[in-house]
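Q: I would like the atomic coordinates for the input below:
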Amino acid sequence: MLLPVVILLVVAGCATGSHIDQGVFHSAKGYRVTLPTDGWTVEPGSRADLSLKSAALPGGMLVDATCQGREPSRPLDVLTRHLTFGLTHRDVVETGTTTVAGHEAARSVVRGTADGRDVTVEAVVLRAEPCVHDFLYVAPTGVFGSGRPVFRALVDSFAPEAR
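A: Here you go, the predicted structure:
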């Protein structure tokens, strides 16, 4: 795995009752996202709700929700920084807010080193009660831009669902 240290920072167990139907991942935690095509596959056994890997690019994406504990009440910018704690030699490239499915979201892009490799990470965190939702894209810095449109489409496909 490209960034096991980042994946370990995703704090949630596997959600039972989650399923994929016609290219849409439905989480038991009350949300859905449309799966990317173009060679991205679901990686089984992840601690995140959804872990995706590309056949063509050496990167990965994670989607997760935390609905209990302290995380849902913490500021979004703090939660966004937590997703990149495993990086050393950090350089914040972008930071700010955006809107995802009508919810305010914090996002950041950080370059750094993980496991001796230069990587770039994009993190997006939003609150859709009662959960906080994390989206993470990690790739070697040289190919980061290639997967970014796919990541943005994944984030933009987010929609809350009744549980």
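Q: Within its local environment, how many residues does the closest residue to Leu79 other than its chain neighbours see?
A: Nearest residue to Leu79 in three dimensions, chain neighbours excluded: Val125, at 4.6 Å (C-beta to C-beta, 6 or more residues apart in numbering). Heads up, the C-betas are built off the backbone N, CA and C, glycines and all. Residues near Val125, counting by other C-beta atoms under 10 Å, number 28.
Q: Return the distance of Val125 relative to Ala65.
A: Between Val125 and Ala65 the computed distance is 10 Å (C-beta to C-beta, to the nearest Å).
Q: Common neighbours of the two, please.
A: Common contact partners of Val125 and Ala65 (C-beta atoms under 8 Å, 6 or more residues apart in numbering): 132-134.
Q: Pick out whichever of those residues sits closest to Thr80.
A: Nearest to Thr80, judged by C-beta to C-beta, of the shared contacts of Val125 and Ala65 is Asp134 at 8.5 Å.
Q: Output the contacting helices and strands for the helix or strand harbouring that closest one.
A: Using DSSP states H and E, Asp134 maps to strand 131-140. Counting contacts by 3 or more C-beta pairs under 8 Å, 6 or more residues apart in numbering; DSSP states H and E, strand 131-140 is packed against strand 60-66, helix 76-82, strand 117-128, helix 144-156.
Q: OK, contacts around the residue nearest the centre of the chain?
A: Centroid check for the chain by C-alpha atoms, centre = their mean gives Phe135 as the closest residue, at 2.0 Å. The contact partners of Phe135, taken as C-beta under 8 Å, 6+ apart, are 61-63, 123-125, 151, 154-155, 158.
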